[in-house]
Each structure stands twice: as structure tokens, then as C-alpha cells.
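> With the input below, show me the fold.
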Amino acid sequence: MTKNINNNNPKKGFTLIEVILSIAILGIISTTFMTMFASGIVGISNSGKKSVFNYIAQDRLESNINDSTNLEGNITDLEILSISKGKVNVETSTKSISLKFPNNPNSYIVNGRKIDVTYLQYGSVFKRLTTFTSN
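Presented below is the predicted three-dimensional model:
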């Protein structure tokens, strides 16, 4: 009896080393993508908080421009809830500014009201919005 050996059909598959290396490479790549994803989520969250703080400060500034009375310290409960880590401070003062234009030797004096809104944005960074409205 003769045994027929067929070498045309070798065993197919991956070796153990190939499988371990492919899993290691896949783990490194997925870790990199997960780190980038987590950093993106943190960045989006911080940007959203900064936008809320900027909106509230801009609202206080515009409210003070539209109302001739001094709105210092007049902060609503919603704003206090939104700015749990900070405070909005509105200061108004009368001021005169001098304007000089090129090719004109005259200077012009404008009387008006200076409005400063100072607020703690996120963390320990203070921001200030300033505007001047003429009388």
C-alpha cells in the first residue's frame, strides 16, 4: 500500500507571532485614536463654557449701553448659576476722549460713558470687555 502525499495544499493560517503582532499594532492605533477623541471632547466642552461666559459678559455690556442707569452688580440667578466659578463686574464712568485724524491739525473732544465688564472666564483667566458710548 502506498501513501499518497499531496504537497500542493499546504496548511493555511497565521502563526501565533503574526496574530500577537497584529493585535499589538491594532492596540497602539486604537489607543492613539481614543486619546485624540478624548482630547477633542475636552476641547469642545471648554469652548462651550468660554462661549457661555463671553455671551453673559456681552449681554451685561449691551444691557448697560441700552439703559442709562448703572447696572453694577445686577446679576440674575441664571447668570450666577452659569458663572459658578466667577463673577461679572460692570463698571461705568464718564470720560472724554480726544480724537486726532491724519492730515488734520485739530483734535476733537468727545464726551461719553466708558463701560467695562470684567469677568472670570474659565479657570483663573480674567477677561475684560470695554466700550465707549458718546453722549
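> can you pull the contacts of Ser107?
Ser98, Leu99, Lys100 (Cβ atoms under 8 Å, 6 or more residues apart in numbering). For glycine as for every other residue, the C-beta is placed from the backbone atoms N, C-alpha and C.
> so it bridges to which residues?
In this entry, Ser107 is beta-bridged to Lys100, by DSSP bridges.
> helix or strand for the residue nearest the centre of the chain, which one?
Geometric centre of the chain, nearest residue: Ser47, 2.4 Å, by Cα atoms, centre = their mean. Assigned by DSSP states H and E, Ser47 belongs to helix 16-66.
> low pLDDT regions in this protein?
Scanning the chain for pLDDT under 70 picks out the ranges 1-10, 68-88, 121-124.
> mind running it again at 50?
70-85 (pLDDT under 50).
> What residues of stretch 41-48 count as buried?
Within stretch 41-48, no residue counts as buried by 16 or more other Cβ atoms under 10 Å.
> what's the answer for stretch 26-39, then?
Going by 16+ other Cβ under 10 Å, stretch 26-39 has no buried residues at all.
> I'd like the numbering to begin with 57 instead of 1 from here.
Got it, first residue is 57 now, which makes that one stretch 82-95.
> now the residue nearest to the centre of the chain: how far from Asn122?
28 Å (Cβ to Cβ, to the nearest Å).
> next one: Gly99
34 Å.
> circling back: right, and out of the contacts of Ser163, which lies closest to Ser107?
Nearest to Ser107, judged by Cβ to Cβ, of the contacts of Ser163 is Leu155 at 33.6 Å.
> which residues touch that closest one?
If you count contacts by Cβ under 8 Å, 6+ apart, then Leu155 has Ser163, Tyr164, Ile165, Val166 around it.
> and which of the contacts of Ser163 is nearest Leu117?
Once Cβ to Cβ is applied, the member of the contacts of Ser163 that ends up nearest Leu117 is Leu155, at 22.0 Å.
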